[in-house]
Each structure stands twice: as C-alpha cells, then as structure tokens.
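# Coordinates for the following, if possible.
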Amino acid sequence: MTGRNILMVLLVLFSLAAAPLSGYSEDLIEELHPDPVRKGYQFTYIIYLDYDNPSSVGITAPDFPIALKLVRGPYVRSYYLASETGKSKKKTKITYTFAALKTGRYILGSFKIKTPRGAFVTVPKIVSVGIYKNKKIYIPFDSSWVLKGKTFYTGQAVPLVAVVENLPDIMIFDKVGVPLPSNGLFTRVDDPGPITDVQIGPKKLYTIPVAGYLYTPSRPGKVKIPKIRISGNGITSFSHPLYLTINAPPESIRSTGAIGDFKREFTVHPDTLEVNGTVTVSVEVEGTGNLNYLEIPRLNVKGLTLIGEKDTQHYSGSLEGYIGKRGKVFTYTASSEGEKVIEVPPFPFMNSGTGRVESIPGRTVSVRVSGSASNSGESSDPLSSFSPETVAGSSSHVKAGRYLDAANYLWLLPGPLVFLVFFFAGKKKATLILLVLISLAGSRLSASTVKDGISFYEKGAYLQASGMYLDALKEYPGSSSLYYDLALNYYKMGMTGKSVYAAQIAVRYSPLKKKYASLLHIIEKAAGVKYPVSIPVSIYPDTYLFILSILLNAGAFIGVFYFIRKKNIYFIGMVLLFGLSVITLGGLIHSAYQWHCQYGIARYGTVEVKKIPRDSSATGFTLKEGETVSVVNSSGGYIFIENGIGVKGWVKRDNLFIFGGKSDPYKVLTGIE
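Have a look, this model is predicted:
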C-alpha cells in the first residue's frame, strides 16, 4: 500500500471516530416524554444509540437538579429498528425515569456514553415542570431577589432587583407588586438592568430583571424584604422573601451617615458686605450613594447670625445608588463690622466600592463686614421690620363658631317667611310684617375697649405683654391682630412653638393680610423648619353664613316686591340673588370642611415621631419645634400625623399644639386645652 493510500485510510478512520463525539450525531437521538411535565408526575428521558451491544455500554450521568428525583435508571436494553428494506437493525436504548418535584425549568446536563466503538455526548435538555390548569400545563415563573453586596449599613442605599430566570422567550410582565419593608425607605428605580441569556444546546434561557429598588434601612438589625408578586401571560408567581443583616455605620461617619462615592463643592457670596447685609453659603455634595439619607453638617460660623436654611436636591435612583446632587444653602446676616470666619467641617463617608472610610477635608473662609451709615444702627433680629398692631374693637371679627349652631340658621328664614305670609295673608299684613323684620335686623352689637400690651412689648416686658394680649382675647377671641401680636411676643420669649401657633391662627383668621403670612414664614425659617404643612387659605364659615343670610332674605324680599309691582327688574334681581345664595352655600360647606380639619404644631425642642403608637416603638423621624403637621387620626394618647412631604407617624398628644376643628386657640395657649 502506498503512502498516499495509507493517509487516506487514516483520514477516513479519524472522521468515523470523531463523529460520535458530537452531540448532534445521527447515531444518537434523545427523547423527553412528556414535555412539559406536570408537577408530581413522572417523565422519561430516553437515549437511542446506534450501537448493537448494550452490555458494553458505559454511562456517566451528570448531577441531577434537586427538583428532579431519579426513580429508575439507567435501564439499558436492545431494541430493533426496521429499515426500508424490511430488515431489522439492532440498537441500544437507555431509559431514565424521573419524578418532577417542583415547578420551574431545569437543565438536565450532558450524559457521556462510552462504547468500544467510541464516545458519545448528549446535548443538555431543558425540563419544564408546571401545574395543570384549564386543560393546560402552565410553567410558573422562577422569580427571586438578586442582591448586590454582602455587608450593609444603616442609611445605605441597598440595590435590590426582582428577576425572573429560565424563560424560553423575552416577555413583558403585566404587574409587579411588593409590600413595603419595615424600618426604612423603599424606592423603585427606572432601569432594573440588562436582560441576560444562557445557551442550552440549540435553545436559550433568559433572565429578565423585572423591577429594581433601593432600600435605605433606618436602623441596624435583621430586616425582611417581602416576597415579590409578578404577573404575566395569565401566570402569577411569588419569590421567596429576602433577609438582610443591617450593621451600624462606623463611628467615624456618624456626622454625615454618607455611604457611596462623593465630592463636595463650597461657595460663599458675597465675600464682602455691610452691617445687616446678608451672605449666602452654598454647600453641595455630588456623587453616587445615599444622597436621600446623608446629612450635610452645619457650618461653624463666628460673628454671623443664621437667618435662613434651605435644602436643595437633584438626584435620581439607579442600581448603583442615588446619582446626582444634594446641598444646603445657608443665609447669614452680620450685626457688627470686622472679619467673620466660616468653617466648613470635614465630610467623612464610607466608600461603598472599597469599604474604606474616606474624608473630604474641611475649609475655612472669611468675609469682611463694613459699616454703613444707612443700616449700622439697625438690629439683626429677623423680626425687626415687624411691630405690634393696635387692636381696634370695631374691626375685630369674633369667630364664635355660629355656623356650628343650628339655631343661627333660623336667620335664613325671615325673608322666605315674609314671602309666604304675603302670598297667603294678603298685601297689607305682609307689608306690616316686613317693616317689623327690617327694624329687628337693624340692631347691632357693641364692642368694649381692648386692653393693649404694646407698651410692655416695647419695654421688653414680654411676659406682662403676653398676659395683656391673652386677657384681650377673652373679649375678642377672633382678633387676628391679637394673635399676630402674640406671635411676635412669643418669639421674643424664645417660645417658637407658641409663636408659630399664634401666627398660624392670625393667618387663618385674616388670610388676605400678607404681613401675617410673611411673619409666619420668617419664624419658621429662623427655627430651621424644613417641611411645614401648607394650610389651605379659607374664609371663616361664619362669614359665609352671614352673607348667605343677607342674599337669601334679600332675594325673598325682592320677590315680594315683584308680586306687588309686577316689574321684570325685580324678578331678575330675585333670580340673581337666589343664584348667589346657592354659590355662597357651596362656599359655606367647603369652608366648614376646611376649618374642621385639624393641624398640629410641635411644642418644644425635638419631637420624636414613632412608627406605632407605643412608647417602646422605634423613632421614624423627628419634628423641630414650630413644625406644622396635619392631624390624620388619633389613638389613646397618640396622634397620627403627616408632615409636609407626606411622611407619617405617631406623636404624643402632649407634644403638639392643636388647632382646627373644635379646638379653642385661647384655651390651647393658656394651657386649659
């Protein structure tokens, strides 16, 4: 045999030997039956091998998924396959029987088969196990939580992704829902991440991130992330809950609580000013991390008075944390000349990527304050432009809650009664009754002189001044001027809670006086209140009741004149007044509802807001003295409140000044209520 012939023979033998190693060889056929399989039932996996001696076949099986229990196998035997010519050919059949214990899609790995003729490798198979419903087998979603990282701290923005694994096709889900975990903030992010896939033989299985969240724990300990509910294509499935261990942050970052990767910007404008002028200091933190939680430390300032503080924020959630900026703008005023020092303290944070504590160094700058002939004698007091009002009894409207007394609605009846009497009793008698009612309606109430505490206020005797104002409230309980004066007086006494309370009452009684609203705003700013509830402006219901009485009676009287004179102008006037009466009645109902709503003012110091109405409950957040909140409900000695950004919790009743509803402001301020 020549060398060329020997080479050709070797090539043919090599090709014949290599062919069985391929999982796609015609010498090996795989069969899965049934497919899909019902949970709790058995299925068979069969390998047909083009080999005629079963006794010399060796099999190496892969590790089986736990959800697929091997019942029998391998069962190796011969079988005969008839050819087209009528002759039968002997082959080998390998059978495995499994029990499907759990729903889902599982990978049955490659089997390695050895024979004297050569080696064979099967292609991995996807086994689908489902539940039988409506004459069809449904494969529930394999949903779970995916967590990035291993160690977590209080205040950290922890990324969580709800994924569905082992899907044969990419799909869109109808609904995703998860209960809020306790002891923290839970926010959904827009982009949950990319879709990934894995090749299983000729097929692919996809992993789809359905929803991404950022969880910010508020305290250390064990936390349960509830199971997530995912629905699509008529299938609903639930993941297992996720349990996290939250650690206390390192002591070195307690001043900021910052976890992430940050940098800080710091600006002062202007760097020179006159006495009683203002300087603005802006501190801004930019980066990725827990921007929703971190604190920007207060500045150390010498020679300047803080008159305003404002939060700024512009960030959005991602699976890396909150990305963007957060800052504070401080406004100071100077009451004397000279060089004033502003110290920005260091900003420590834990780098979430390295796990190390880093710190942005502090800075010190100075501003120069020069004198001014026009303002050098003025005070730096933020209320220096406000002065007490002289209360005139004739201009004081007494808010007595007449709209709550059904007897006062009898004043709506005189006009309609005259109309009816005229209609049934005749013109002369009706005219006489009309004159009597008009004479009764002309009576007025007199007002006594209001005691004035302005002189005590100007002398700095604020305690005596407040006593005078409270005495005056007994006679004029609805005087907005008196509450305005009390707001000024309480602020001078250092009683911020009472000052805000009195200012809120003044604004509510006289909503059109811009000076009252300006005073309230300045007091809240000076107190550092960040999120006060904005109280709707509404005219007092008694005013609507008074106007309704006039309109309704006037319309009825004009109707009487229409029957007497028969002029169209009287008819038009009657219809117009009755229409205005209906509008006023609507205003009365709306105003009564708004005045029925209750609000609270934090009394003293820092008020703790509890998670549940118990003394042993954890603190969710705090209120500053003078912060206004909405009263939602009450339970025992606790009140359920909501602050200006929608965060809710429970506060002890004794820690709030309550106004609105049936609360009497005079009794609240004097401690009777």
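# lowest-pLDDT helix or strand in the protein?
Ranked by mean pLDDT, DSSP states H and E, the helix or strand of the chain with the weakest confidence is helix 3-18, at a mean of 43.
# where do the strands sit along the stretch 51-200 of the chain?
Here the stretch 51-200 of the chain has its strands, by DSSP state E, counting those that start in this stretch, at 58-60, 68-82, 88-100, 104-108, 112-115, 118-121, 125-133, 136-138, 142-147, 152-153, 158-167, 175-177, 184-189, 196-200.
# Can you say which of these is nearest to K624?
strand 184-189 (20.0 Å; Cβ to Cβ). Glycine gets a C-beta too; all of them are placed from N, C-alpha and C.
# and the angle from that closest one to strand 158-167?
Orientation check (axes from the mean of the first three to the mean of the last three Cα atoms, to 10 degrees): strand 184-189 against strand 158-167 gives 50 degrees.
# Give me the distance between strand 184-189 and the centre of its chain.
Relative to its parent chain, strand 184-189 has a centroid offset of 8 Å by Cα atoms, centre = their mean, to the nearest Å.
# Mind listing residues that contact it?
159, 180, 211-218, 223, 292-293, 316-319 (Cβ atoms under 8 Å, 6 or more residues apart in numbering).
# where in the chain is pLDDT low?
Applying pLDDT under 70 to the chain flags residues 1-26, 83, 86, 372-381, 390-405, 419, 421-453, 672-673.
# which stretches of it form helices?
Per DSSP state H, the chain carries helices over the ranges 3-18, 414-425, 427-441, 454-458, 462-475, 480-492, 496-509, 514-526, 541-565, 568-596, 665-670.
# okay, those helices in CSV with distance to A618 and mean neighbour count next?
Listed next are those as CSV, based on distance: least, Cβ to Cβ, whole Å; neighbours: other Cβ atoms under 10 Å:
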stretch, distance to A618, mean neighbour count
helix 3-18, 69, 10
helix 414-425, 60, 17
helix 427-441, 61, 13
helix 454-458, 43, 16
helix 462-475, 38, 19
helix 480-492, 33, 25
helix 496-509, 24, 26
helix 514-526, 27, 19
helix 541-565, 41, 20
helix 568-596, 32, 15
helix 665-670, 29, 17
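# wait, which of the ones you listed is closest to N276?
The nearest among the helices of the chain, by Cβ to Cβ, is helix 514-526 at 15.1 Å.
# The closest one - contacts with which helices or strands?
strand 305-318, helix 480-492, helix 496-509 (3 or more Cβ pairs under 8 Å, 6 or more residues apart in numbering; DSSP states H and E).
# Can you give the distance of it from its chain's centre?
For helix 514-526, the distance to the chain centre is 27 Å (Cα atoms, centre = their mean).
# Equivalent analysis for stretch 228-245, please.
22 Å.
# Quick one: the strands in the stretch 251-400 of the chain, in order.
Remark: strands assigned in the stretch 251-400 of the chain by DSSP E, counting those that start in this stretch are 258-269, 272-274, 278-289, 300-302, 305-318, 321-333, 338-344, 347-351, 357-360, 363-370.
# Which strands or helices does the fifth one pack on?
Helices and strands touching strand 305-318, as assessed by 3+ Cβ pairs under 8 Å, 6+ apart, comprise strand 184-189, strand 278-289, strand 321-333, helix 514-526.
# Could you list the buried residues of stretch 295-314?
296, 299, 301, 303-304, 306-309 (16 or more other Cβ atoms under 10 Å).
# mind putting the residues you listed in TSV, distance to A487 included?
TSV is the format used below for the buried residues of stretch 295-314 (distance: Cβ to Cβ, whole Å):
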residue	distance to A487
I296	30
L299	28
V301	27
G303	29
L304	25
L306	20
I307	17
G308	18
E309	20
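# Most widely separated two among these?
Based on Cβ to Cβ, the longest span within the buried residues of stretch 295-314 runs between I296 and G303 and measures 21.5 Å.
# T364: neighbour count?
9 (other Cβ atoms under 10 Å).
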